[in-house]
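Participant: Kindly generate the corresponding structure for this input.
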Amino acid sequence: MQVFWHILVNNTIPLGVMIAIGMILQRVFRLDIRTLSKLNFYLFSPAMMFKMLYESKISAAVLFQVLLFFFVFIGLLALLVELVVRLRGYSAGMRSAMRNSVLFYNSGNYAIPLNQLVFANNPFTLSIQIIISMMQSLLPNTYGVYSVNSHRMSFDKTLKTILGMPVIYAIPLAFLLRGFSVPIPAPLYTPLNYIADGFIVTALVTLGVQLGAMKWTLRLGDVLISNALRLLAGPALGWLIVWLMGFEGEMAAALIVSCAVPTSLTSVLLAVEFDNEPEFASQAVFASTAFSMITMTAVIYLLHSSFVF
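Facilitator: Numbers count the residues shown, from 1 in each chain. Have a look, this model is predicted:
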């Protein structure tokens, strides 16, 4: 019950408030959503990821284990989603939107606070979640951009778009500076902090603006399929991989928790930025965040029954 109330009070309600503010602003001022999405992709998101990695303490051994798990998990989940979209007979644009709604999950502003609650601010489990968050920042800016554009752009043009994403440079730069203990001067680090802190607000307001601009033609069947794959199949598959790879204790539990969170706001930002099923993407994020109160609580209850942490 504690986990349920924590998710409700510290995740769902604050997210809902910010989304509602975006919806109201859109109704009153008719904001330019493309400008908001560009601010997220080219300014706030790379700054947030750079700051998080630069300040983190991650061992090489943990990095290798988590990356191995992540690639196996994403690969198998992608195969499952591909099977579903083929059976459903979706158009090319809808196929990429469904893939993104399942493969991209909220590993930052949702999963990191949740990880700290479940594991009592354990630095080891937090380092695991930070690595997952890093990959979940890199994946949408590479594969995600390719996915929404491959059916309408040449490969060269898509590659050029991917290479224009700042986050793919922010990640290695953060590792290099941290690895060589290079200090960042205060006149640069202070504005970096300000920009990084703006990511969550801007992303949530962008989602609200998109929801406020929608005609609200509900995509109930597609949204429920997306939510089931993200919130039910995701943690079940993660649990299976953890068992097959022989992970135990805190490592196993933290990885499973990381697989069980709702759809990422990035899927909406991609949909808006590249005009690819933005209404479906917005509804999938909104619904999965609400349903996660129930599914996430169930996952954590089962973890407490299965692992010692």
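Participant: now stretch 213-233, how far from the centre of its chain.
Facilitator: Chain-centre distance of stretch 213-233: 16 Å, with Cα atoms, centre = their mean, to the nearest Å.
Participant: what do you get for stretch 238-255?
Facilitator: Counting by Cα atoms, centre = their mean, stretch 238-255 comes out at 20 Å from the chain centroid.
Participant: Please save the CA atoms from it in CSV.
Facilitator: The C-alpha trace of stretch 238-255 is given here as CSV (Å, rounded to 0.1, in the frame of the first residue of the first chain):
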residue,chain,number,x,y,z
GLY,A,238,12.5,-8.9,-17.7
TRP,A,239,11.8,-11.4,-14.9
LEU,A,240,12.5,-14.3,-17.4
ILE,A,241,15.7,-12.8,-18.6
VAL,A,242,16.9,-12.1,-15.0
TRP,A,243,16.3,-15.8,-14.2
LEU,A,244,18.0,-17.1,-17.3
MET,A,245,21.0,-14.8,-16.8
GLY,A,246,21.3,-15.9,-13.1
PHE,A,247,21.0,-12.5,-11.6
GLU,A,248,19.9,-12.5,-7.9
GLY,A,249,19.1,-10.1,-5.1
GLU,A,250,19.2,-6.3,-5.6
MET,A,251,20.6,-6.6,-9.1
ALA,A,252,17.7,-8.8,-10.2
ALA,A,253,15.0,-6.8,-8.4
ALA,A,254,16.3,-3.4,-9.8
LEU,A,255,16.4,-4.7,-13.3
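Participant: can you pull the buried residues of it?
Facilitator: Using 16 or more other Cβ atoms under 10 Å as the test for burial, stretch 238-255 gives 238-239, 241-242, 247, 250-255. (Glycine included, C-beta is placed from N, CA and C.)
Participant: Can you add pLDDT, distance to T297 and secondary structure and give these back as TSV?
Facilitator: TSV is the format used below for these (pLDDT from 0 to 100; distance: Cβ to Cβ, whole Å; DSSP: H, G, I helix; E, B strand; the rest coil):
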residue	pLDDT	distance to T297	secondary structure
G238	97	16	helix
W239	96	16	helix
I241	97	22	helix
V242	96	19	helix
F247	94	22	coil
E250	92	19	helix
M251	94	22	helix
A252	95	19	helix
A253	95	15	helix
A254	95	17	helix
L255	97	18	helix
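Participant: The residues you listed: which two are farthest apart?
Facilitator: Taking Cβ to Cβ, the two most distant members of the buried residues of stretch 238-255 are I241 and E250; they sit 16.3 Å apart.
Participant: Tell me, how many residues neighbour L159?
Facilitator: For L159, the neighbour count with other Cβ atoms under 10 Å is 15.
Participant: Repeat that for P14.
Facilitator: For P14, the count of nearby residues is 14 (other Cβ under 10 Å).
Participant: so what does the one helix or strand it maps to touch, helix or strand wise?
Facilitator: P14 is part of helix 13-29 when elements are defined by DSSP states H and E. The contact analysis (3 or more Cβ pairs under 8 Å, 6 or more residues apart in numbering; DSSP states H and E) places helix 13-29 against helix 186-213.
Participant: buried ones in the helix or strand just after the helix it packs on?
Facilitator: With elements assigned by DSSP H and E, the helix or strand that comes after helix 186-213 is helix 220-228. Neighbour counts over helix 220-228 (16+ other Cβ under 10 Å) mark 222-223, 225-228 as buried.
Participant: same check, this time on stretch 98-118
Facilitator: 98-112, 114-115, 118.
Participant: do stretch 189-207 as well
Facilitator: Result for stretch 189-207 [16+ other Cβ under 10 Å]: buried residues 195-196, 198-200, 202-207.
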